[in-house]
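> Here is my input; please provide its structure:
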Amino acid sequence: MMKRVMALLVSLFFLLSGQAVMANDVSKGLHVGNAGSFTGDAAAPCMEIFNSSQLAVDEWNARGGIQGVQIKHVMGDDALDPAQGINVARKFTSDELMYGVVGPPVSHIAQASLKIYGQSNLACITTAASKPELTDSGYKHFFRVNARNDAHGWNCALFIKKNLKAKRVAILNEKVAYCENMAQQTIKGLKKLGITDIMNDTIVAGSKDFSAVLTKVKAYKPDVLFFIATTAPDQAIGVRQAKELGIEAIFFGTEGARDKNDFIAASEGAAQGAYVYHFSPDIYSIPAASAYIKSYEKKYGSLSGFGPPAYEAMNILLTAIDLAAKDGNISRPEVISNLSAIANYNGILGFPVSFDEKGDLLGGATYFFKVNGKEFEQVAVLTGK
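All right, here's what the predicted structure looks like:
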């Protein structure tokens, strides 16, 4: 009796899950997606993510693809809009030849689409989405090659106290999942370190004028202004208007500001001496990345910090797909299982990539840069100590 019940349950699971658990003949085709904000204010970093992923796909295809099948790389543009992110997720999950996705790189888009990907067992590897709840939710399809906000927030608090020597801090955050959570995590860290003189206020994404809230910052007279916005154009406006208002605080921007054109150049000199944190190291200092850098710059031009983790993520995803396809058949759950087993993957980031049981990167770090002329100079790497 028990065996019949178990058999019925297994059959029901397969019936309800449909294509998500069915294996396909590899010869039918292999698709990988790329979910990101390829239009709008986040287009520059997201296109770097896509182009770096494309380099990895091109290299695999040049070697014969997977089981002799060429890999198709499909773009899904969410335009930095959660509703569009849901549409992209539905598009990708409905494609029966889609076996994994790089992205989404923005936390509030990843949060909006998480359930859709999870219910279809479609693996996602983000290169930047850092809100902790994304991997705390219980889904097993979501992986990161970047550290989480709870790690970044603590490391930023350490950097503000130890490196910037601040005693009085102003924090402005855009009211979206990533920014709000990053502000919360940093404030938590600052208080733990004994810094309680903190101003916390909000900004509106896409605003062309932050002077009202920056006037409050000027009156507060902080040592550091931590400007937590998603995109580089917003941060360029923020640093420029802070300078125009005569705010003397050190400007400290988030990962989105690490863009030479949209932050440094767009700030018209105001970003000189500013700091930013990032989830990716100075790739030019890593010997293993030299071939990638040469290929990228030859084909696409200038490179910042957003592309290298994407190149790594796509190679890891294709490695998992390759393992799943060894017997000539492939299923999405097989890809997820193979990703879960990734350990000490040595690529171009200067450290071996392994995932914990939640899909989070083991041993992730936060990298700190200072604007020096037209470049970002890496000045510190913090790992929670």
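> what's the helix or strand for Y292?
helix 290-300 (DSSP states H and E).
> and that helix, which residues are buried?
292-293, 296, 300 (16 or more other Cβ atoms under 10 Å). Any C-beta I mention is one placed from the backbone N, CA and C, and that applies to glycine too.
> elements contacting that helix?
Contacts defined by 3 or more Cβ pairs under 8 Å, 6 or more residues apart in numbering; DSSP states H and E place helix 290-300 against helix 43-62, helix 307-324.
> mind checking which of the ones you listed is nearest G373?
Checking these against G373 by Cβ to Cβ gives helix 43-62 as the closest, at 19.6 Å.
> Check which residues of that closest one are buried.
43-57, 59-61.
> My reading is that G76 lies in a strand. Confirm?
Yes. According to DSSP: H, G, I helix; E, B strand; the rest coil, G76 belongs to a strand.
> Tell me, how many residues neighbour it?
23 (other Cβ atoms under 10 Å).
> immediately after the helix or strand where K216 lies, which helix or strand?
Per DSSP H and E: K216 is located in helix 211-220. Using DSSP H and E, the helix or strand that follows helix 211-220 in sequence is strand 224-228.
> What are the boundaries of the strands in the stretch 101-250 of the chain?
In the stretch 101-250 of the chain, the strands defined using DSSP state E, counting those that start in this stretch lie at 124-126, 142-144, 168-174, 197-203, 224-228, 250-253.
> again, but for the stretch 251-385 of the chain
275-278, 329-330, 366-372, 375-382.
> K167: which of those is closest?
strand 275-278 (16.8 Å).
> can you pull the alpha-carbon coordinates of the closest one into PDB?
The C-alpha atoms that make up strand 275-278 are tabulated as PDB, following Å, rounded to 0.1, in the frame of the first residue of the first chain:
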ATOM      1  CA  TYR A 275      34.900  56.500  -2.800                       C
ATOM      2  CA  VAL A 276      32.700  53.700  -4.000                       C
ATOM      3  CA  TYR A 277      32.300  50.100  -2.900                       C
ATOM      4  CA  HIS A 278      31.900  47.200  -5.300                       C
END
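> Thought A35 was touching I49, still the case?
No. Counting by Cβ atoms under 8 Å, I49 stays clear of A35, with 9.7 Å between them.
> Need the residues touching each of those two.
Listed as contacting both I49 and A35 by Cβ atoms under 8 Å, 6 or more residues apart in numbering are 102-103.
> Could you report the distance from A229 to G256?
From A229 across to G256, the span is 6 Å (Cβ to Cβ, to the nearest Å).
> can you list residues touching both of the two?
Taking Cβ under 8 Å, 6+ apart as the contact rule, A229 and G256 both touch Q235.
> Please enumerate residues in contact with the helix holding Y292?
Outside helix 290-300, the residues that touch it by Cβ under 8 Å, 6+ apart are 48, 51-52, 55, 283-284, 303, 307-308, 311, 348.
> Lowest pLDDT pick from those residues?
Across the set of those, L303 stands lowest in pLDDT, at 91.
> any idea how far R63 is from the nearest residue to that one once chain neighbours are set aside?
Nearest non-adjacent residue to L303, counting by Cβ to Cβ, 6 or more residues apart in numbering: Y296, 5.3 Å away. Between Y296 and R63 the computed distance is 18 Å (Cβ to Cβ).
> what does V276 give?
Here V276 is placed at a distance of 36 Å from R63 (Cβ to Cβ).
> These two: which has the busier surroundings?
Neighbours were counted for V276 and for R63 using other Cβ under 10 Å; V276 has more, 26 against 8.
> In this structure the more buried one contacts F369, no?
Yes. Assessed by Cβ under 8 Å, V276 is found in contact with F369 at 5.2 Å.
> which residues do the two both contact?
In contact with both V276 and F369: 258, 376, using Cβ under 8 Å, 6+ apart.
> Y345: how many residues sit nearby?
16.
> right, and N344 touches F355 too?
No. Under the criterion of Cβ under 8 Å, N344 makes no contact with F355, lying 10.8 Å away.
> Looking only at neighbour counts, state which of the two leads.
Applying other Cβ under 10 Å to N344 and F355 shows that F355 carries more neighbours, namely 21 against 9.
> and that one, what pLDDT?
97.
> With adjacent residues omitted, what lies nearest to H73?
Closest to H73 by Cβ to Cβ, 6+ apart is V57, at 4.5 Å.
> meant to ask about G238, not that
Spatial nearest neighbour of G238, chain neighbours left out: F227 (4.7 Å); criterion: Cβ to Cβ, 6+ apart.
> Count the residues that sit near that neighbour.
F227 has 29 neighbours, counted by other Cβ under 10 Å.
> bridging residues for it?
Taking DSSP bridges, one obtains L172, G253 as the residues bridged to F227.
> Pull the contacting residues for it.
Residues near F227 by Cβ under 8 Å, 6+ apart: 172, 203, 235, 238-239, 242, 251-254, 257.
> and if we set it to 7 Å?
Applying Cβ atoms under 7 Å, 6 or more residues apart in numbering, we find F227 in contact with 172, 235, 238, 251-253.
> Quick check, central residue of this structure?
In the chain, the residue lying closest to the centroid (Cα atoms, centre = their mean) is A128, at 0.9 Å.
> and K385, how many residues sit next to it?
With other Cβ under 10 Å as criterion, K385 counts 6.
> repeat for K188
For K188, the count of nearby residues is 14 (other Cβ under 10 Å).
> cool, F92 as well?
With other Cβ under 10 Å as criterion, F92 counts 25.
> I'd guessed it sits against G33; true?
Yes. F92 is within contact range of G33, at 4.4 Å (criterion: Cβ atoms under 7 Å).
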